[in-house]
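Colleague: structure, please.
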Amino acid sequence: MRQPPSQVADKDEMHAETTIPTEQVTAEVVVVGGGLAGVCAAIAAARLGRSVALVTNRPVLGGNASSEVRVWVVGGTSHGRQRYARETGIMGELFVENQFTNPEGNPYYWDLVVLGAVRAEPNISLFLNTEVHDVEASGPVDQRRIEAVTGWMTGSERRLRFRAAMFLDCSGDGLVGHLAGARYRIGREARAEYDEPWAPEAADDLTLGSTMLFHSKDAGRPVPFVPPNFSRDITKTSIPEHRVISVEKDGCWNWWIEWGGEVDAVRDNERIRDELWAVIYGVWDYIKNSGEFPEAEPLTLEWVGSVPGKREYRRFVGDYTLTQKDILGQTEFLDRIGHGGWSIDLHPPGGVYAAERGSKSWHPDGNYHIPMRSLYSVNVQNLLFAGRNISASHVAFGSTRVMATCAVIGEAAGSAAAFAIAKNATPREVAHEHIGELQQLMLRQDASLLGVANTDRFDLARTARVTSSSSLGRVASAADGVPFVLEVPAGLVVPVDPEIAGIGLFLEVSRPTSVTVDVHETDLPQNYVPGRLVATVDVPLEAGRPRWVHLDISWRPRVPCNAFVVVRENPDVSLATTTEQSPGVLSFARRDIPYRVDGDQPLIEWMKLSDRRAFAVQLGGATRAFAPERAVGGYSRPYGGPQMWVSEPMRPGTPEWLQLAWPAAVRVGRIEVVLDDDVNEDLVNLHHHRTPFRTMPTLIRDYQLEAYVDGEWRVLERVRQNRRRRHLHVLEHAVTTDRIRLVVGSTNGAANAHVVSLRAYCPEVES
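Modeller: Here you go, the predicted structure:
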């Protein structure tokens, strides 16, 4: 109790009152940084049973994605250019939840989505407004170990000391690793160091700059703007000439309001903020008062950022440094723990004042892999990192830095930390001696792993015979859409399992001509662009009414895969489109890209059709691409094919089912289901673009799990009004049975039932 003002404490009592005690916090994992990398790391470790302290210096979670900064969360999809690339796992959950609860892209609602995901985990203790400023580490320089970190909770006058077995630096700037003595780099490597064409000739300390944004709104009446005395007169700069200033687009569309790459992003943070404010108010003054934008008369500023959104600072050194060649060459690391797909996106260090374009981008042909060896310190034994500070060159960082990819890396780092504790191992030992086990553990969590199949020896489903009520046996769609004139080439990606035995196209021909069709491999299973040419056919055509035309073209690959079918341009021919969304089929039109970098970029030359149209196509012969066994023991996302069970179109009142049957009875205590939330649908937290539905139509809406016991089917679990991808069913009472099935009652709009993965475990096996 405080003493009344009239009383005077003696000297010792005064000292006791004015000393702030250090509170001790003990956890198994300490995550420093509350951006999406830190959030996903904390959730991943917590779900794997570890106690986690999540410590961040901001009052809200989400980092640059939060309402404080308001940057779009982008990643593997590269704004929809990459196919079947949206993240699964924790980041995928956040995307799908935001789509349902926040269809308007409100940044404050997005804050709630992220905070709610953390609050839902009982193993996480959250410490907001807590700046870690001290690290206790010991050991020789090449074998350091962190014992504790200490932070100050602003506004609460609390000093907190966090002790743990594993520490994760997800702070972006990398202060924890720096104070612990972890090796790191700042700036750009010389071109010769990693043989990177986009690196400068000589190394330097230049970085990407920071950005602050603004939002405006229509007040419904004229609103004047008197610029502050510190605003920049942008007419005296190169900004109006080299940057696109628009009334229609604000917020993250103005990502180019960037500065600070030529100064120190941390030491000069206040200076950077002041310069960005000067630019923002200068841009707004130009919009309101230059006379160039009369439509801006009723506009007023609704929000202006106050926290610079940093792009780059420390990049730690791990056992492996990811490079430009790994991104563009899509190196298939054995220790892969996640994927990315954003272009190598580098900005001029001069930022908004540079005469160059605001960015230059080089897109890989598909998603690339990220190795575990880039996620831990080369010289601090119990330090992992996630986010923009991983072990990557400056050029490779140009792709890995985007937030959804940082979140994928965060989930991997959190999973690795939890796994390392369970194994009493270091992160390095996990990467070199236990990587297969870690990958299987992550697959069970539905993490964003490409090309790693389920080989879990405890999964009872892998020993079962898998059957279904039906499965989609043909790739075929109706020709019910508007025609597409082949003024440019058309492209289709189709699953080939086991072969292409003829292709049917619905064509309209204006005069006698011919059509040429090429079939290409896609080179890598995660790619959806033309690769090696494997077959060609040229078919003569007579003029006449629209009709199906059969092309006698065939190809049988060594293993099931996708094919990229190119219909060459011919303006005398129109190709029918369809409104059907056929599983596993993608449609594109080729276009000239506005600028080129150092080579071809087929990913942006082949763009998907607008208005959710697709080309009508019929493949000859039956397909096994959607067979029931695709949901068991395989890949948990598209990879060389759809990789899921798909039923025939559902009929009202007739459920579809997927069944596991064993030759002898087994005890089942846990059933894990992964449904199809269409990872080809590009979702963005603050809606760079609009998606017309709140719930993914491909998700099963109503289903139940049943076991065959004592001669009848017994219901184990019922799910209604589902809008999520992954479901864990821990049975209250284990069941002994020789058959289990998932019975589908309805979907959220798709014509067919889709199941990506169905697993079953004995009650003794934990997640």
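Colleague: and Glu629, how many neighbours?
Modeller: 17 (other Cβ atoms under 10 Å). Yep, even glycine has a C-beta here, placed from its N, CA and C like the rest.
Colleague: a helix runs through it, doesn't it?
Modeller: Yes. Under DSSP: H, G, I helix; E, B strand; the rest coil, Glu629 sits within a helix.
Colleague: do you know the pLDDT at it?
Modeller: pLDDT, Glu629: 97.
Colleague: and the helices in the protein?
Modeller: Taking DSSP state H as the criterion, the chain carries its helices at 11-18, 36-47, 89-101, 107-119, 175-180, 191-194, 239-242, 269-289, 324-329, 394-400, 403-423, 427-433, 435-444, 602-605.
Colleague: who are the contact partners of Arg545?
Modeller: Glu508 (Cβ atoms under 8 Å, 6 or more residues apart in numbering).
Colleague: and the gap between it and Ala576?
Modeller: From Arg545 across to Ala576, the span is 12 Å (Cβ to Cβ, to the nearest Å).
Colleague: among the helices of the chain, which is nearest Ser377?
Modeller: Minimum separation from Ser377 across the helices of the chain (Cβ to Cβ) falls at helix 175-180, 6.5 Å.
Colleague: and that closest one, what does it pack onto?
Modeller: strand 130-138, strand 145-153, strand 166-169, strand 383-385 (3 or more Cβ pairs under 8 Å, 6 or more residues apart in numbering; DSSP states H and E).
Colleague: what average pLDDT does it get?
Modeller: Here the average pLDDT along helix 175-180 is 98.
Colleague: cool, and stretch 111-123?
Modeller: 98.
Colleague: got a list of contacts for that stretch?
Modeller: So stretch 111-123 is contacted by 36, 39, 42-43, 45-47, 49-52, 54, 60-62, 65-67, 90, 93-94, 97-98, 101-102, 124, 126, 685 (Cβ under 8 Å, 6+ apart).
Colleague: walk me through the domains of the chain.
Modeller: 23-188+314-346+358-444, 210-304, 460-471+626-761, 484-619 (automatic domain parsing).
Colleague: out of these, which is the most enclosed?
Modeller: Neighbour counts (mean count of other Cβ atoms under 10 Å) averaged over each of the domains of the chain peak at domain 23-188+314-346+358-444, with a mean of 23.
Colleague: so how far is the longest strand that the chain contains off the chain centroid?
Modeller: When the chain is scanned for its longest strand (criterion: DSSP state E), the result is strand 726-747. Relative to the chain's own centre, strand 726-747 is displaced by 29 Å; criterion: Cα atoms, centre = their mean, to the nearest Å.
Colleague: keeping just the C-alphas, turn that strand into PDB.
Modeller: Below are the C-alpha coordinates for strand 726-747, written out as PDB (Å, rounded to 0.1, in the frame of the first residue of the first chain):
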ATOM      1  CA  ARG A 726      -7.800 -29.600 -41.100                       C
ATOM      2  CA  HIS A 727      -9.700 -31.500 -38.400                       C
ATOM      3  CA  LEU A 728      -8.300 -33.600 -35.600                       C
ATOM      4  CA  HIS A 729     -10.800 -36.100 -34.100                       C
ATOM      5  CA  VAL A 730      -9.600 -37.500 -30.800                       C
ATOM      6  CA  LEU A 731     -12.200 -40.100 -29.900                       C
ATOM      7  CA  GLU A 732     -13.500 -40.100 -26.300                       C
ATOM      8  CA  HIS A 733     -13.500 -43.900 -26.400                       C
ATOM      9  CA  ALA A 734     -11.100 -45.700 -28.800                       C
ATOM     10  CA  VAL A 735     -12.900 -48.100 -31.200                       C
ATOM     11  CA  THR A 736     -11.900 -51.500 -32.300                       C
ATOM     12  CA  THR A 737     -13.000 -52.100 -35.900                       C
ATOM     13  CA  ASP A 738     -11.900 -53.300 -39.300                       C
ATOM     14  CA  ARG A 739     -13.600 -50.500 -41.200                       C
ATOM     15  CA  ILE A 740     -13.800 -46.700 -40.900                       C
ATOM     16  CA  ARG A 741     -15.300 -44.300 -43.400                       C
ATOM     17  CA  LEU A 742     -15.800 -40.600 -43.900                       C
ATOM     18  CA  VAL A 743     -19.300 -39.900 -45.100                       C
ATOM     19  CA  VAL A 744     -19.900 -36.600 -47.000                       C
ATOM     20  CA  GLY A 745     -23.300 -35.000 -46.700                       C
ATOM     21  CA  SER A 746     -22.600 -31.700 -48.600                       C
ATOM     22  CA  THR A 747     -20.000 -29.300 -49.700                       C
END
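Colleague: who does the nearest residue to Ala476 once chain neighbours are set aside bridge with?
Modeller: Distance criterion Cβ to Cβ, 6 or more residues apart in numbering; nearest residue to Ala476, sequence neighbours excluded, is Gln618 at 4.3 Å. With DSSP bridges as the criterion, Gln618 is bridged to Ala476, Gly504.
Colleague: returning to that earlier point: looking at the helices of the chain, which is nearest to Asp345?
Modeller: helix 394-400 (5.1 Å).
Colleague: and the helices of the chain: which comes nearest Thr150?
Modeller: helix 175-180 (10.1 Å).
Colleague: quick one: contacts of the closest one?
Modeller: Residues from elsewhere that reach helix 175-180 (Cβ under 8 Å, 6+ apart): 32, 132-135, 137, 144, 146, 149, 167, 169, 184, 314, 316, 377, 380, 383, 385, 389.
Colleague: okay, and the common contacts of Arg545 and Ala576?
Modeller: Joint contacts of Arg545 and Ala576 (Cβ under 8 Å, 6+ apart) are Glu508.
Colleague: want to try TSV for the domains of the chain, with distance to Val352 as columns?
Modeller: Shown next, in TSV, are these (distance: least, Cβ to Cβ, whole Å):
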stretch	distance to Val352
domain 23-188+314-346+358-444	8
domain 210-304	6
domain 460-471+626-761	21
domain 484-619	20
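Colleague: mind checking which of these is nearest Glu196?
Modeller: domain 23-188+314-346+358-444 (4.1 Å).
Colleague: next, the distance between the ends of that closest one.
Modeller: Taking Cα to Cα, to the nearest Å, domain 23-188+314-346+358-444 runs 37 Å from one end to the other.
Colleague: so what's the gap between it and the chain middle?
Modeller: 13 Å.
Colleague: ditto for stretch 310-326
Modeller: 18 Å.
Colleague: mind exporting the C-alpha coordinates of it to PDB?
Modeller: What follows is stretch 310-326, C-alpha atoms only, in PDB (Å, rounded to 0.1, in the frame of the first residue of the first chain):
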ATOM      1  CA  LYS A 310      11.300  -2.400 -42.400                       C
ATOM      2  CA  ARG A 311      12.300  -4.700 -45.200                       C
ATOM      3  CA  GLU A 312      15.800  -5.600 -44.400                       C
ATOM      4  CA  TYR A 313      18.500  -5.500 -41.700                       C
ATOM      5  CA  ARG A 314      20.500  -8.400 -40.200                       C
ATOM      6  CA  ARG A 315      20.500 -11.800 -42.000                       C
ATOM      7  CA  PHE A 316      22.000 -14.500 -39.800                       C
ATOM      8  CA  VAL A 317      24.500 -17.100 -41.000                       C
ATOM      9  CA  GLY A 318      23.300 -20.700 -40.800                       C
ATOM     10  CA  ASP A 319      24.800 -23.900 -42.000                       C
ATOM     11  CA  TYR A 320      23.500 -23.100 -45.500                       C
ATOM     12  CA  THR A 321      23.000 -19.700 -47.200                       C
ATOM     13  CA  LEU A 322      20.100 -19.700 -49.700                       C
ATOM     14  CA  THR A 323      21.100 -18.000 -52.900                       C
ATOM     15  CA  GLN A 324      19.600 -16.700 -56.200                       C
ATOM     16  CA  LYS A 325      20.400 -20.000 -57.900                       C
ATOM     17  CA  ASP A 326      18.400 -21.900 -55.300                       C
END
